Each structure stands twice: as structure tokens, then as C-alpha cells.
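What shape does this take:
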Amino acid sequence: MSIRTSPTRTTSIAISALWIFILLSSGLIERYVLVLHVFQSLIYVAAIVLIARDDPWGYGIAASIAFIWDFANLHTGFIFDAGFKEWRQFLHGGGIGHFVPWEATIGWFAHLVLIGVGLCGWWRRRTIASLLGAFIGVYVYFGVILYFFGRFFFARYVRLFVP
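Model prediction:
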């Protein structure tokens, strides 16, 4: 099998790999989310493997987790309060007081790019089943791992898309 590279594929894989780093590093810093983040990183591993095979499901998975995570964080204040506070402090020479929200802010914006390139990659190979199936699968899987390993996030997560 020959692997062709494209900016869409390369960017999608790179951002997914960045997210694996963000999840594992923040889990090592804040141990109470380590198991959750290990399981969450499997979403990105699946996306990388499928994108490398030029499978539309990989792009759908990447765009779906990026959208779900970013949408969820619009409602928590984690990025826009804690994360931007850390960035303000950092940019004004005060260093990084709390690394996790600082790096999660980078991840939030990287996810915006992943949504775009993921949808572009999916569009060229599109089947509605791959995008809808990826979204539902990621939403359910993320909900299950939150239920078992991140209970404190679960109720808020369910309310995102279920009235």
C-alpha cells in the first residue's frame, strides 16, 4: 500500500497526535483524569489509523471529537476563563502558573483547525453514514468513558446535545 501525503491528511494526523500529547501530559500532571485521558486518546489513535488509510471514517472521527470537545468547553469556562488567564499571565512575562488550561487552550484552537481539515478530508470521500456514524460513535464512546472515568463531567456532557 502506498501512502500518499496531502496537506489535509498531514494536518489531521499532526493535530490528532498533538491531542494525544495534550491528553497524556495533562493526565500525568492531574492524575485524577489520567485514565479518562488514556481512553480519550484512543479516539485520536483511531482517527490517525483510519486517516492514514484514507478512510472517510477517520476524518469523521477527527472532526467529531474536535467539535464535541470544543462545544463542551464553550460551556465550562475552562478555556475562556482559566486558559486565557494563563495565557495573559504567560504573555505578560509571568510564566505559566497552571500548565493544563494553558495547553488546553492551544488544543481548543487546534481543534478548530481539525474540524475544518477533517471535514475537508471527509468531503472528498464523503458518505453521510461515515460522518453521522462517526459523530454518534464518538459521542457515545466519550459519554461512556466519562461515565466510568470522569463522572464529574458526565451530567454536563449529556446535557450538551440531549435536552
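
For the rest of this, base every contact and every neighbour count on C-alpha atoms.
OK.

Touching stretch 65-74 from outside, list them.
With C-alpha atoms under 8 Å, 6 or more residues apart in numbering as the contact definition, stretch 65-74 has outside contacts at 43, 79-80, 108, 111-112, 114-115, 135, 138-139, 157, 160.

so how far is it off the chain centroid?
The chain centroid and the centroid of stretch 65-74 are separated by 7 Å, computed with C-alpha atoms, centre = their mean, to the nearest Å.

Next: stretch 84-92.
The answer for stretch 84-92 is 22 Å, by C-alpha atoms, centre = their mean.

Dump the contacts of stretch 65-74 to JSON lines, plus distance to residue 35, neighbour count and secondary structure.
Shown next, in JSON lines, are the contacts of stretch 65-74 (distance: C-alpha to C-alpha, whole Å; neighbours: other C-alpha atoms under 10 Å; DSSP: H, G, I helix; E, B strand; the rest coil):
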{"residue": "43", "distance to residue 35": "14", "neighbour count": "21", "secondary structure": "helix"}
{"residue": "79", "distance to residue 35": "21", "neighbour count": "23", "secondary structure": "helix"}
{"residue": "80", "distance to residue 35": "25", "neighbour count": "15", "secondary structure": "helix"}
{"residue": "108", "distance to residue 35": "21", "neighbour count": "22", "secondary structure": "helix"}
{"residue": "111", "distance to residue 35": "21", "neighbour count": "26", "secondary structure": "helix"}
{"residue": "112", "distance to residue 35": "25", "neighbour count": "15", "secondary structure": "helix"}
{"residue": "114", "distance to residue 35": "24", "neighbour count": "27", "secondary structure": "helix"}
{"residue": "115", "distance to residue 35": "25", "neighbour count": "23", "secondary structure": "helix"}
{"residue": "135", "distance to residue 35": "22", "neighbour count": "21", "secondary structure": "helix"}
{"residue": "138", "distance to residue 35": "17", "neighbour count": "21", "secondary structure": "helix"}
{"residue": "139", "distance to residue 35": "18", "neighbour count": "19", "secondary structure": "helix"}
{"residue": "157", "distance to residue 35": "18", "neighbour count": "22", "secondary structure": "helix"}
{"residue": "160", "distance to residue 35": "23", "neighbour count": "12", "secondary structure": "helix"}
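
dump the residue contacts of residue 95.
By C-alpha under 8 Å, 6+ apart, the contact set of residue 95 is residue 89.

separation between it and residue 109?
21 Å (C-alpha to C-alpha, to the nearest Å).

gap between the nearest residue to residue 11 once chain neighbours are set aside and residue 7?
With C-alpha to C-alpha, 6 or more residues apart in numbering as the criterion, residue 11 has its nearest non-adjacent residue at 7.2 Å, and that residue is residue 117. Look at residue 117 and residue 7: by C-alpha to C-alpha, they are 9 Å apart.

Done for today, thanks.
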